[in-house]
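Asks: sequence plus predicted model, see below.
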Amino acid sequence: MSQMRGARGQRGRRTITGPPAPGADRAPRSYTPAMTKTALITGITGQDGSYLAEFLLEQGYRVVGMTRRSSTLADERIAHLAGRLELIEGDLLDQASLVAALRDVGPTEVYNLAAQSFVPTSWNQPVLTGEFTGLGVTRMLEAVRQVDPGIRFYQASSSEMFGKVRQVPQTELTPFHPRSPYGVAKTYGHFLTVNYRESYGLHAVSGILFNHESPRRGIEFVSRKATDGAARIALGLATELPMGNLDAERDWGFAGDYVRAMWLMLQQAEASDFVIATGVAHSVRELCRIAFERVGLDYQRHVTLDPRLHRPAEVDHLLGDATRARTVLGWQPTVTFTELIEMMVDADVERHEARLRGAREAPATSRP
Ligand code: NAP
Ligand code: F7E
């Protein structure tokens with residue numbers, strides 16, 4: 001459990017205190033400070049929220065993160081931003097909380113990153129996924145429209161919208177064919193964002209981001225599952241790693257690079273949509289090979305196949321073409337696939353080793 005504690009103030013607002021989070025050392029590159037800007041980030045406790053908050057703080061922004069009420073703390077990824085980040089309570093299911101958050105904070109930019117983001121869960125909880133990931137976008141856009149239509153709005157759209165792909169590589173013009181309730185909900189959120197731009201003239205942009213990972217990635221996603229699995233097996237904490245479809249291919253990049261693209265999109269005079277990707281695809285099998293090689297192991301001796309991890313409808317191959325982002329935004333990725341996976345394996349080994357050291361050093365009298 002996170003050690004971070006919030007001192008609650010008026011209207012559920014709080015500041016944070018706590019130790020640095022893993023991966024906090026990969027600071028983004030610097031841009032010209034924007035002292036007067038305030039950003040509100042929904043999904044601040046997620047992977048992208050934490051990297052985006054770091055990046056915007058470095059640009060001189062006042063950064064406010066929206067969190068939903070929970071009986072346990074989920075602040076591990078932002079603990080290292082103690083004292084620099086404000087938090088405000090709000091939930092994508094509750095329109096009034098979004099309006100109140102915008103009124104209280106008065107942001108110049110809103111980054112809507114909050115979502116139910118795990119694809120397999122979207123088959124188990126399709127309605128909830130639609131509420132969070134789809135209708136949540138409508139609630140946020142409506143709140144922006146009512147409170148201050150001058151706010152610039154970023155919507156976290158996804159390559160999962162391409163699904164059963166109609167062309168390779170995928171660009172901003174490739175038609176969508178989502179393959180999961182998650183993909184369908186994101187497609188709704190994408191078109192709602194475009195629609196509010198066209199209907200009300202909002203500066204609303206949809207960033208169509210391909211898979212991006214980091215040491216802060218949720219443990220259930222395939223990259224982190226493989227790097228954590230390799231680390232545990234190397235340290236003798238496990239012997240095998242059950243996986244699903246090893247032939248699926250994704251265009252994987254580093255989350256720290258991708259949050260920079262989100263910000264660049266909102267700095268453009270005209271709002272429009274962008275694909276963000278590396279332009280290189282790899283299979284899950286390759287991902288496993290690189291992760292296990294990092295710790296001197298052969299994945300074929302440890303990775304087992306579990307058909308229960310296959311999806312009802314798979315997205316077989318995703319490959320993005322980010323030419324538009326490169327030419328209009330001047331954006332390009334800085335971390336290669338191998339560097340990314342090795343960075344994640346190293347962080348997982350370090351984390352497990354620290355835990356093991358802690359267990360060894362615990363007093364003998366301590367109770368289970
Ligand atoms: P993530 O780690 O799963 O984080 C999701 C965030 O959403 C968490 O902070 C979560 O809060 C919050 N959230 C969920 N339901 C909420 C609700 N009802 N009200 C308020 N907050 C809620 O996701 P991520 O990888 O950072 O991705 C960020 C966004 O980009 C998501 O919208 C995702 O779908 C999208 N995206 C991600 C990728 C990728 O490869 N990472 C690619 C394309 C698009 P709790 O901590 O309370 O659960
Ligand atoms: O799966 C295959 C699985 O869960 C990638 C989210 O951030 O990116 C993410 O969605 C691939 C799939 O990510 C396992 O079948 C094999 O083909 O890491 P994932 P995702 O579904 O691509 C998009 C862009 C988003 O927007 C989403 O929010 O890996 N795979 N074996 C496996 N996947 C998992 N999770 N676990 C396995 O054991």
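Replies: Everything's here; your move. Ligands and ions are numbered 1, 2, ... in the order given.
Asks: so where do the helices sit in the chain?
Replies: 47-58, 95-105, 119-124, 126-129, 136-147, 181-200, 222-234, 255-266, 284-294, 323-324, 337-361 (DSSP state H).
Asks: and of these, who's closest to Asn245?
Replies: With CB to CB, the closest approach to Asn245 among the helices of the chain belongs to helix 284-294: 6.6 Å. C-beta: built from backbone N, CA, C; applies to glycine.
Asks: who does that closest one touch, helix- and strand-wise?
Replies: helix 222-234, strand 241-243, helix 337-361 (3 or more CB pairs under 8 Å, 6 or more residues apart in numbering; DSSP states H and E).
Asks: quickly compare the ones you listed and say which is most buried.
Replies: Mean neighbour count (mean count of other CB atoms under 10 Å) peaks for helix 222-234 among these, with a mean of 23.
Asks: so who does the residue lying closest to Ile233 once chain neighbours are set aside touch?
Replies: Spatial nearest neighbour of Ile233, excluding adjacent residues (CB to CB, 6 or more residues apart in numbering): His302 at 5.3 Å. Counting by CB atoms under 8 Å, 6 or more residues apart in numbering, His302 makes contact with 229-230, 233, 239-241, 292.
Asks: just name the closest of those to ligand 2, please.
Replies: Nearest to ligand 2 among these is Leu241, at 8.2 Å by CB to the nearest ligand atom.
Asks: any idea how far the residue nearest to that closest one when sequence neighbours are not counted lies from Asp348?
Replies: Of all residues not flanking Leu241 in the chain, Gly229 sits nearest, at 3.7 Å (CB to CB, 6+ apart). Separation of Gly229 from Asp348 (CB to CB, to the nearest Å) stands at 9 Å.
Asks: just send the contacts of His302 back as a markdown table, with distance to ligand 2 too.
Replies: Rendered in a markdown table, the data for the contacts of His302 read as follows (distance: CB to the nearest ligand atom, whole Å):
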| residue | distance to ligand 2 |
| --- | --- |
| Gly229 | 9 |
| Ala230 | 13 |
| Ile233 | 15 |
| Thr239 | 17 |
| Glu240 | 12 |
| Leu241 | 8 |
| Phe292 | 14 |
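Asks: can you put the residues you listed in TSV and add distance to ligand 1 and pLDDT?
Replies: Shown next, in TSV, are those (distance: CB to the nearest ligand atom, whole Å; pLDDT from 0 to 100):
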residue	distance to ligand 1	pLDDT
Gly229	19	98
Ala230	20	98
Ile233	25	98
Thr239	29	98
Glu240	26	98
Leu241	21	98
Phe292	22	99
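Asks: do I have it right that Asp104 meets Leu87?
Replies: No - between Asp104 and Leu87 there is no contact under CB atoms under 8 Å: 11.6 Å.
Asks: name the residue in these two with the higher neighbour count.
Replies: Per other CB atoms under 10 Å, whichever of Asp104 and Leu87 has more neighbours is Leu87, with 25 against 18.
Asks: beta partners for the more buried one?
Replies: Leu87 has these beta-bridge partners by DSSP bridges: Arg14, Gly65.
Asks: pretty sure it contacts Arg68?
Replies: No - Leu87 is not in contact with Arg68 according to CB under 8 Å; the separation is 10.8 Å.
Asks: what parts of the stretch 51-200 of the chain come near ligand 1?
Replies: Counting by CB under 6 Å from any ligand atom, the stretch 51-200 of the chain comes close to ligand 1 at 68, 70, 74, 91-93, 113-117, 132, 156, 158.
Asks: show me those that map onto strands.
Replies: 156, 158 (DSSP state E).
Asks: let's have the residues of the stretch 51-200 of the chain next to ligand 1 in TSV, adding neighbour count, distance to Phe254 and pLDDT.
Replies: Shown next, in TSV, are those (neighbours: other CB atoms under 10 Å; distance: CB to CB, whole Å; pLDDT from 0 to 100):
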residue	neighbour count	distance to Phe254	pLDDT
Arg68	17	27	96
Ser70	9	28	91
Ala74	15	23	84
Asp91	19	30	97
Leu92	25	26	97
Leu93	14	31	97
Leu113	24	16	98
Ala114	25	21	98
Ala115	24	20	98
Gln116	21	23	98
Ser117	22	17	98
Phe132	24	25	97
Ala156	28	16	99
Ser158	26	17	99
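Asks: how near is the nearest residue to Arg217 once chain neighbours are set aside to Val328?
Replies: Distances taken as CB to CB, 6+ apart put Arg224 closest to Arg217, at 4.1 Å, once the chain neighbours are dropped. Arg224 sits at a distance of 31 Å from Val328 (criterion: CB to CB).
Asks: repeat that for Glu286.
Replies: 31 Å.
Asks: who has more neighbours, those two?
Replies: Glu286 (17 against 14).
Asks: next up, the contacts around Tyr200.
Replies: 145, 149 are the contacts of Tyr200 under CB under 8 Å, 6+ apart.
Asks: what's the answer for Leu52, then?
Replies: Per CB under 8 Å, 6+ apart, neighbours of Leu52: 39, 41, 111, 113, 259, 262-263.
Asks: nearest residue to whichever residue of the stretch 1-150 of the chain sits closest to ligand 1 other than its sequence neighbours?
Replies: Per CB to the nearest ligand atom, Gly46 is where the stretch 1-150 of the chain lies closest to ligand 1, at 2.1 Å. Closest residue to Gly46 apart from its sequence neighbours, by CB to CB, 6+ apart: Leu113 at 6.1 Å.
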